[in-house]
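> Would you be able to build a 3D model of this:
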Amino acid sequence: MDSVLPAAEALGRARRVVVFTGAGISAESGVPTFRDDLTGLWARFDAERLATPEAFHADPDLVWGWYEWRRARAARARPNPGHLAVAAIEARVSGTVVVTQNVDDLHERAGSRAPVHLHGSLFAPRCVSAAAHPAASGEPDAEPGEGRRVPPPRCVHCGALVRPGVVWFGEALPEAALAEAVEAAAGCDVFLSVGTSGVVYPAAEIPRVAARAGAFVVQVNPAPTPLDPVCDVNLRGTAAQVLPQLVAAAWDPPGG
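The predicted model follows:
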């Protein structure tokens with residue numbers, strides 16, 4: 001593993017930082033990926049049968065039930081030291097942008113101000129109409145039950161069905177979120193890629209945008225990824241293990 005010191009020195013000098021997070025940081029809080037959430041009575045389904053517009057159109061009660069089950073599990077999770085370290089970076093560097101591929105709200109609950117959600121959020125449902133009216137999510141059922149079918153609510157504005165506010169297979173990433181993430185990556189001094197595999201496009205291109213623009217790119221991941229060659233420093237470990245060390249070394253070095 002590379003030393004944390006070069007990354008800490010770059011972070012301590014930075015005025016504009018992008019923290020780009022993937023499933024790894026949420027997994028440390030017990031939030032599985034959508035594929036890994038096909039357990040128990042849900043295990044008889046393929047993710048592609050539950051995470052597409054076609055699946056929701058064909059059986060909205062089934063799809064909404066699965067997502068409510070996932071939302072309840074995410075709501076019970078708690079931010080881990082990795083999330084808290086990201087919020088600490090924001091507190092130190094005002095020009096920090098958090099970009100996440102995760103659909104939970106753990107960054108917000110850790111204190112991050114306005115994370116850019118590339119893949120949407122379990123906590124931001126909207127209706128299926130062309131207007132895509134935002135809908136109130138309310139508190140998820142504490143025990144929605146595995147395999148339980150749950151009828152989705154209706155939009156209070158137009159009466160259309162309310163759908164989960166996530167990006168499904170076959171759907172494009174939100175244009176505004178993607179544009180904000182690319183712009184931030186192109187203009188940052190330090191780019192931290194945390195807990196992401198670097199293989200899901202177009203999100204996987206964002207660290208490469210930062211590297212091409214001359215940013216100091218740091219990767220935090222337990223295992224090598226396709227991003228290794230574009231990073232200035234590769235720190236082997238989880239977000240909860242490495243990020244607190246990085247923050248401490250950047251702003252509270254020994255003897256400092």
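> mind giving me the domain ranges of the protein?
For the chain, the structural domains run 1-30+78-119+172-256, 32-76+121-166, going by automatic domain parsing.
> per-residue confidence averaged over whichever strand or helix holds residue 235?
In this assignment (DSSP states H and E), residue 235 forms part of strand 233-236. The average pLDDT within strand 233-236 is 97.
> Following element in sequence after that strand, please.
Beyond strand 233-236 toward the C-terminal end (DSSP H and E), the next one is helix 239-251.
> of all the domains of the chain, which has the lowest average per-residue confidence?
domain 32-76+121-166 (a mean of 82).
> Show residues contacting the strand holding residue 235.
Strand 233-236 is touched from outside by 1-4, 6-7, 216-224, 228, 242, 246, with contacts defined as CB atoms under 8 Å, 6 or more residues apart in numbering. C-beta coordinates here come from the backbone N, C-alpha and C atoms, glycine included.
> distance between that strand and the chain's centre?
Relative to its chain's centre, strand 233-236 lies at 20 Å (CA atoms, centre = their mean, to the nearest Å).
> could I have it exported to CSV, CA atoms only?
Taking C-alpha atoms only, strand 233-236 is exported to CSV below (Å, rounded to 0.1, in the frame of the first residue of the first chain):
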residue,chain,number,x,y,z
VAL,A,233,-1.7,7.2,-4.6
ASN,A,234,-3.6,3.9,-4.0
LEU,A,235,-4.4,3.3,-0.3
ARG,A,236,-5.4,-0.3,0.4
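> What subset of the contacts of strand 233-236 is buried?
Buried residues within the contacts of strand 233-236, defined by neighbour count using 16 or more other CB atoms under 10 Å: 4, 7, 216, 217, 218, 219, 220, 221, 242, 246.
> Looking at those, which are in helices?
4, 7, 242, 246 (DSSP state H).
> Could you identify the most distant pair in the residues you listed?
7 and 242 (9.2 Å; CB to CB).
> What is the three-state secondary structure of residue 200?
The three-state label given to residue 200 by DSSP: H, G, I helix; E, B strand; the rest coil is coil.
> Once you drop chain neighbours, what's closest to it?
residue 101 (7.2 Å; CB to CB, 6 or more residues apart in numbering).
> tell me, how many neighbours does the one you found end up with?
Neighbour count for residue 101, taken as other CB atoms under 10 Å: 23.
> Does it touch residue 203 like I think?
Yes - using CB atoms under 8 Å, residue 101 makes contact with residue 203 at a distance of 5.5 Å.
> what do those two both touch?
With CB under 8 Å, 6+ apart, residue 101 and residue 203 have common neighbours 118, 119, 196.
> show me the contacts for the first one.
Think residue 118. So residue 118 contacts 99, 100, 101, 167, 173, 174, 177, 178, 181, 203 (CB under 8 Å, 6+ apart).
> Among those, which ones are in helices?
Using DSSP H, these in helices are 177, 178, 181.
> Reformat these as TSV; add distance to residue 191 and neighbour count.
TSV is the format used below for those (distance: CB to CB, whole Å; neighbours: other CB atoms under 10 Å):
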residue	distance to residue 191	neighbour count
177	17	18
178	16	18
181	11	27
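> would you turn those into a markdown table with distance to residue 68?
A markdown table is the format used below for the ones in helices among the contacts of residue 118 (distance: CB to CB, whole Å):
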| residue | distance to residue 68 |
| --- | --- |
| 177 | 23 |
| 178 | 27 |
| 181 | 28 |
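> Which one of those residues is nearest to residue 25?
Out of the ones in helices among the contacts of residue 118, the member with the shortest distance to residue 25 (by CB to CB) is residue 181, at 16.3 Å.
> Would you check how far apart the closest one and residue 110 are?
According to CB to CB, to the nearest Å, residue 181 stands 19 Å off from residue 110.
> counting contacts, what elements does the strand ranked longest in the chain pack onto?
Ordering each strand of the chain by length in residues (DSSP state E) puts strand 120-127 first. Secondary-structure packing of strand 120-127 (3 or more CB pairs under 8 Å, 6 or more residues apart in numbering; DSSP states H and E): helix 60-76, strand 162-166.
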